[in-house]
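Student: Below are the sequence and a predicted model for it; my questions follow.
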Amino acid sequence: MITVKNLKKQFGSNVVLDGINLEVKEGEVLAIIGPSGSGKSTLLRCLNLLEKPDAGELIIGDKKINVKKMSSKETYQLRQQTAMVFQHYNLFKNKTALENVTEALIIAKKMKKPEAEKIAMEILNQVGLGDKVHQYPVTLSGGQQQRVGIARALAVNPYAILFDEPTSALDPEWISEVLQVIKKIAEQNSTMIIVTHEMQFAEEVADRVIFMADGNIIEENTPKEFFHNPQSPRTKQFLRRLG
Ligand code: ADP
Ligand code: MG
């Protein structure tokens, strides 16, 4: 389980996370939606400790920390529990698809190259890139690059995968192939948190949806209730604008 208790983060005087409380069960898919600037990326980055929270407690799987007094060992261990998929893929441009995936295994999992390559090949196959493994990112479409990003996250077999708007940098023609891959992963009982603007996708894939605004969780519900019977005025307004 993932438990977030009273998580706080501010940049200067800008309070971005104002005491977030959140639970995600093992195998659950949580979708986070909300307006731009509401702190969605910061929340994911705090879960992965790419951003250091100011206060709060994080429990991810069997690792638990109080962010105010965490050792570098605890930081490292908690970071290993999750893998991020970024909006802009964040691939190494000078490495092939295969090398982008093996890198994570060799560095984070201390694997030997042959073993790392075996696993990376399997996972690149899974995301439909078996015939592209030796290509460099620049020779791949946006959709293919993002599938490499997803393969890299899957490869390290994290407790949870954090997706930060995985399709919002893609040309429309590549969106559905990436969503299909994410959907397939969701069906394998993975624990996932997905920040997305793809409402139909969120409704289909998520077990639960939360709406964030101004550093708080404003509303939380099943997808069906959330999209068809929103409660708070902020959520209603947000969904109406999209609609
Ligand atoms: P969202 O992902 O919901 O669009 P973000 O988490 O990216 O929102 O940003 C929330 C707020 O935090 C914004 O006001 C943004 O400008 C600010 N912010 C994010 N990262 C930084 C940073 N590294 N330094 C200063 N301000 C930041
Ligand atoms: Mg964001």
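Tutor: Ah, there it is. Ligands and ions are numbered 1, 2, ... in the order given.
Student: How confident is the prediction for residue 109, by pLDDT?
Tutor: Each residue has a pLDDT score; the one for residue 109 is 89.
Student: Tell me how many other residues crowd it.
Tutor: 14 (other C-beta atoms under 10 Å). (C-beta placed from N, C-alpha, C; glycine too.)
Student: got the phi/psi numbers for it?
Tutor: phi -110, psi 0 (degrees, to the nearest 10).
Student: Look up how far residue 79 lies from residue 166.
Tutor: 20 Å (C-beta to C-beta, to the nearest Å).
Student: what does the protein have sitting close to ligand 1?
Tutor: 11, 14, 16, 34, 36, 37, 38, 39, 40, 41, 42 (C-beta under 6 Å from any ligand atom).
Student: pretty sure the fourth one contacts residue 213?
Tutor: Yes: between residue 34 and residue 213 there is a contact under C-beta atoms under 8 Å: 5.5 Å.
Student: can you give me the strands in this protein?
Tutor: Ranges of strands within the chain are 2-11, 14-24, 29-33, 55-60, 63-66, 82-85, 160-164, 191-195, 208-213, 216-221, based on DSSP state E.
Student: If you drop the residues flanking it in sequence, what lies closest to residue 55?
Tutor: residue 8 (4.3 Å; C-beta to C-beta, 6 or more residues apart in numbering).
Student: buried stuff in the longest helix along the chain?
Tutor: The helix that spans the most residues within the chain, counting by DSSP state H, is helix 172-187. Judged by neighbour count using 16 or more other C-beta atoms under 10 Å, the buried positions of helix 172-187 are 174, 175, 177, 178, 179, 181, 182, 185, 186.
Student: quick one: low-confidence ranges for the chain?
Tutor: 243 (pLDDT under 70).
Student: which one in it is furthest away from the centre?
Tutor: With distances taken as C-alpha atoms, centre = their mean, the residue sitting farthest from the centre of the chain turns out to be residue 114, at 27.9 Å.
Student: ok so, going back, buried ones from the residues of the chain next to ligand 1, can you make that a ChimeraX selection?
Tutor: To isolate the buried ones among the residues of the chain next to ligand 1 in ChimeraX, judged by 16+ other C-beta under 10 Å, type:
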select :16,34,38,39,40,41,42
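Student: which of the residues of the chain next to ligand 1 sit farthest apart?
Tutor: 11 and 34 (17.4 Å; C-beta to C-beta).
Student: Next, the buried residues of stretch 133-140.
Tutor: 133, 135, 136, 137, 140.
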